[in-house]
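**Q** One predicted model, sequence on top.
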Amino acid sequence: MGDIPFVDAHVHLWDLSHIRYPWLTPPFRDDGPNGSVEPIARNYLLDDYLKDAKGWNVRGLVHVDAGADPSAALDETVWLQAMADRHGMPNAIIAFAALDDPKVEELLTAHAAHPNVRGIRQIVNWHKDPKRSYTPRDVTADPQWARGFAALGKYKLSFDLQAYPSQFAGLAKLIACHPQIPVIVNHAGMPVPGDEEGREMWRSGMRALAASPHVCVKLSGFGFIHRNWTVAQIAPYLLETIDMFGTNRCLFASDFPTDKLFGSFDRHFDAYNEIVSGFSQDERRDLFGRNAVRVYRLNIAL
């Protein structure tokens with residue numbers, strides 16, 4: 001990538017002795033969406049990330065809710081803000097809140113009091129196959145969840161959307177009604193591998209989301225499609241996503257250490273860099289850094 005500044009739009013950090021993360025707690029199983037997470041079930045702090053990314057010109061980090069126990073959502077924000085105050089990173093915090101909680105505004109108020117908080121993520125992936133589903137029901141079909149989503153605008157918070165393509169049609173309609181709430185689709189929309197019908201559902205759902213100009217997308221998490229991915233396998237998804245959203249609405253992200261389950265930092269970013277090598281210097285600067293600065297309102301000069 002040379003000297004192009006990189007602002008990592010999706011990073012997780014955790015101290016397992018400080019906050020409980022149920023998904024990083026034994027027993028571990030191999031049949032979930034990530035496979036077994038045992039290899040990353042250990043402390044992962046800022047220095048660990050910077051060591052993994054040492055070959056890249058990292059200028060900023062966006063920390064995204066790391067799956068802490070819901071009761072510790074505010075504890076995670078307090079911990080991360082203290083880290084940012086000491087070290088200058090993470091530059092933005094995307095905190096957890098359950099938007100289907102009738103009292104969600106109490107938590108939104110508490111999160112928003114921290115200067116680095118920019119948005120909220122609640123993982124809402126629901127799939128008819130229980131081995132793929134992250135949630136027991138599709139909360140995005142709940143009117144209470146829609147009310148919680150609408151409340152984000154009051155606090156000037158964005159929403160990081162991690163869902164499956166089968167949910168996109170309904171979500172696109174809700175999102176279009178709230179242009180004041182920036183939405184960032186996680187992990188290229190998490191297409192489910194399989195038959196062509198599934199790929200077309202991803203394609204049509206992503207187009208529906210892309211129709212709203214306040215929606216952008218992160219290019220990351222390709223190991224969720226193919227755990228043992230190759231450049232040839234992921235390039236079509238990556239390039240088609242850029243084609244649908246444009247280079248001004250796509251953000252490269254590491255999803256580390258989760259994506260470490262699928263390969264090293266260098267393996268991922270060497271691949272991404274190769275796939276977009278034909279893009280202009282200006283487009284690549286947008287993809288690797290400038291879009292993240294704009295979308296997450298970061299005080300970083302690139």
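**A** Here it is on my side, so go on.
**Q** so residue 43 touches residue 17, yeah?
**A** Yes: Residue 43 lies in contact with residue 17 (Cβ atoms under 8 Å); the separation is 7.3 Å. Heads up, the C-betas are built off the backbone N, CA and C, glycines and all.
**Q** quick one, which of these two is more surrounded?
**A** Neighbours around residue 43 and residue 17, counted as other Cβ atoms under 10 Å, are more numerous at residue 43. The numbers are 11 against 7.
**Q** if I look at the more buried one, how far off is residue 24?
**A** Distance of residue 43 to residue 24, given as Cβ to Cβ, to the nearest Å: 10 Å.
**Q** what is in contact with the two at once?
**A** 14, 16 (Cβ atoms under 8 Å, 6 or more residues apart in numbering).
**Q** which of the residues in the helix or strand of the chain with the lowest mean pLDDT are buried?
**A** Lowest mean confidence among the helices and strands of the chain (mean pLDDT, DSSP states H and E): helix 196-210, at a mean of 90. Buried residues in helix 196-210, counted by 16 or more other Cβ atoms under 10 Å: 199, 201-203, 205-206, 208-210.
**Q** Generate a markdown table for the residues you listed, with distance to residue 220 as supplementary columns.
**A** Putting the buried residues of helix 196-210 into a markdown table (distance: Cβ to Cβ, whole Å) gives the following:
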| residue | distance to residue 220 |
| --- | --- |
| 199 | 19 |
| 201 | 20 |
| 202 | 15 |
| 203 | 19 |
| 205 | 18 |
| 206 | 15 |
| 208 | 21 |
| 209 | 16 |
| 210 | 17 |
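**Q** mind listing the helices for this structure?
**A** Along the chain, counting by DSSP state H, helices occupy 46-52, 73-87, 104-112, 143-151, 168-176, 196-210, 231-245, 265-275, 281-285, 291-295.
**Q** Can you tell me what sits against the fourth one?
**A** The contact list for helix 143-151, computed with Cβ under 8 Å, 6+ apart, reads 97-102, 104-105, 108, 124, 139-140, 159, 174, 178, 181.
**Q** What about these, which are in strands?
**A** In strands, judged by DSSP state E, the following of those are found: residue 159.
**Q** Relative to residue 125, how far out is residue 136?
**A** Applying Cβ to Cβ to residue 136 and residue 125 gives a distance of 11 Å.
**Q** likewise residue 226?
**A** Using Cβ to Cβ, one gets 17 Å for the distance from residue 226 to residue 125.
**Q** higher neighbour count, the two?
**A** Set side by side, residue 226 and residue 125 show more neighbours around residue 125, with 21 against 13, by other Cβ under 10 Å.
**Q** Quick check: closest non-adjacent residue to the spatially most central residue of the chain.
**A** Per Cα atoms, centre = their mean, the C-alpha nearest to the average position across the chain is that of residue 186, at 4.0 Å. Closest residue to residue 186 apart from its sequence neighbours, by Cβ to Cβ, 6 or more residues apart in numbering: residue 162 at 4.0 Å.
**Q** circling back: name the member of the contacts of helix 143-151 with the most neighbours.
**A** Most neighbours among the contacts of helix 143-151, by other Cβ under 10 Å: residue 97, with 27 neighbours.
**Q** Return the backbone torsion pair for it.
**A** Main-chain dihedrals, residue 97, degrees, to the nearest 10: phi -150, psi 140.
**Q** isn't it right up against residue 120?
**A** Yes: Residue 97 lies in contact with residue 120 (Cβ under 8 Å); the separation is 4.9 Å.
**Q** Next, show the common contact partners of the two.
**A** Contact criterion Cβ under 8 Å, 6+ apart; residues shared by residue 97 and residue 120: 108, 111.
**Q** which intervals of the stretch 101-250 of the chain have sub-threshold pLDDT?
**A** Within the stretch 101-250 of the chain, the segments meeting pLDDT under 70 span 194-197.
**Q** quick one on the thing from earlier: can I assume the residue nearest to the centre of the chain is in contact with residue 10?
**A** Yes: the criterion here is Cβ under 8 Å, and residue 186 meets it with residue 10 at 7.0 Å.
**Q** Need the overlap of contacts for the two.
**A** By Cβ under 8 Å, 6+ apart, residue 186 and residue 10 have these common neighbours: 64, 218, 220.
**Q** Against residue 289, how distant is residue 208?
**A** The value you get for residue 208 to residue 289, if Cβ to Cβ is used, is 28 Å.
**Q** Just confirm residue 157 contacts residue 109, I think it does.
**A** No: Residue 157 lies out of contact with residue 109 (Cβ under 8 Å); the separation is 10.7 Å.
**Q** These two: which is more packed in?
**A** Remark: of residue 157 and residue 109, residue 157 carries more neighbours, 20 against 11, as counted by other Cβ under 10 Å.
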